[in-house]
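Enquirer: take this sequence and fold it.
(one chain, ligands or ions: 1)
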Amino acid sequence: MKFFLDTANVEQIRKINELGLLDGVTTNPSLIAKTGRPFPEVVREICKLVEGPVSLEVIGTETKKMVEEANKLVEYGKNVVVKIPITEEGLKAVKILANQGIRTNVTLCFSPLQALLAAKAGASYISPFVGRLDDCAHDGMELIQQIKQIYDNYAYATEIIVASIRHPLHIVQSAMIGAHIVTVPYEVFSKIASHPLTDKGIEIFLKDWAKVPT
Ligand code: E4P
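Expert: Numbering: from 1, shown residues only. So this is what the prediction gives:
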């Protein structure tokens, strides 16, 4: 399973990148706004830092505008993937961009049918938002299961990015389902390698080792 970081914060990307396990980054307009920095400056830094795909979202809501923006966004780096919200206008843009050889990440997906349409349009990635569904008392992970089944049934090449992750269990469940990618917020990413029993175990081993005659 591939691990993406869901942030536009360069420091966070740098820290997680040091682990050597980072496969890509996803951003969105809210995450860019959170940095308080100019868009071109942040994006140039991220694209240089990260080897894998970097998702950058369009702001336009009409096909023509989305396609124009996408063609500008890909100038930032070879690893840029253009994030397109799933609307009818967005689907038309995805199809045009796929024909141009521009990779897309179809975002704000909340239903299996939206995911099916995105795959048919030629999306490289689909981003179902599990946490936001959970927030509305819907089972976000059930959506991942449905999309996985549909994509497997028809051998679609579109990769599932489980997005809007709120806690480590979302990652475990994504892996059990066989989702291709999880995009994880920094706060969750920095929790997942540790376990209190690992820390306790190391402490005991070191204490016992000190008793071994040298
Ligand atoms: C996905 O690509 C989005 O950036 C993100 O996962 C949204 O998560 P949120 O619901 O925590 O804002």
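
Enquirer: and the protein, which residues reach the ligand?
Expert: 6, 26, 28, 107, 127, 129, 131-132, 163-164, 183 (C-beta under 6 Å from any ligand atom). Quick note: C-beta positions are derived from backbone N, CA and C, even for glycine.

Enquirer: ok, of the residues you listed, which come out buried?
Expert: 6, 26, 28, 107, 127, 129, 163-164, 183 (16 or more other C-beta atoms under 10 Å).

Enquirer: could you dump the residues of the chain next to the ligand to CSV with pLDDT?
Expert: Shown next, in CSV, are the residues of the chain next to the ligand (pLDDT from 0 to 100):
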residue, pLDDT
Asp6, 98
Thr26, 98
Asn28, 98
Thr107, 98
Ser127, 98
Phe129, 98
Gly131, 98
Arg132, 98
Ala163, 98
Ser164, 98
Thr183, 98
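
Enquirer: in strands only, show me those residues.
Expert: Among the residues of the chain next to the ligand, DSSP state E puts 6, 26, 107, 127, 183 in strands.

Enquirer: report the contact partners of the residue sitting nearest the centre point of the chain.
Expert: Note on the chain: the residue nearest the mean C-alpha position is Thr183, at 3.2 Å, using C-alpha atoms, centre = their mean. By C-beta atoms under 8 Å, 6 or more residues apart in numbering, the contact set of Thr183 is 4-6, 24, 26, 127, 161-163, 165.

Enquirer: where in this protein is pLDDT low?
Expert: Regions of the chain meeting the criterion pLDDT under 70 are absent.

Enquirer: mind listing the strands for it?
Expert: Secondary structure of the chain, counting by DSSP E: strands at 2-6, 24-26, 54-57, 80-85, 104-109, 125-128, 159-162, 181-184.

Enquirer: kindly provide the distance from His170 to Val188.
Expert: His170 sits 8 Å away from Val188 when distances are taken as C-beta to C-beta, to the nearest Å.

Enquirer: those two: who's more crowded?
Expert: Neighbour tally, His170 and Val188, criterion other C-beta atoms under 10 Å: the higher count belongs to His170, 23 against 18.

Enquirer: go ahead and confirm the more buried one touches Val162.
Expert: Yes: the pair His170 and Val162 passes the contact test of C-beta atoms under 8 Å, sitting 6.8 Å apart.

Enquirer: residues touching Gly140, list them.
Expert: 128-134, 164, 170.

Enquirer: returning to that earlier point: can you tell me which of the contacts of Thr183 is nearest Gln12?
Expert: Leu5 (6.7 Å; C-beta to C-beta).

Enquirer: so the closest one touches Asp23, yeah?
Expert: No: counting by C-beta under 8 Å, Leu5 sits too far from Asp23 to count as a contact (9.1 Å).

Enquirer: the more surrounded of these two?
Expert: Higher neighbour count among Leu5 and Asp23: Leu5, with 26 against 16, using other C-beta under 10 Å.

Enquirer: which residues touch the more buried one?
Expert: Applying C-beta under 8 Å, 6+ apart to Leu5 gives the contacts 12-13, 16, 22, 24-26, 183-186, 189.
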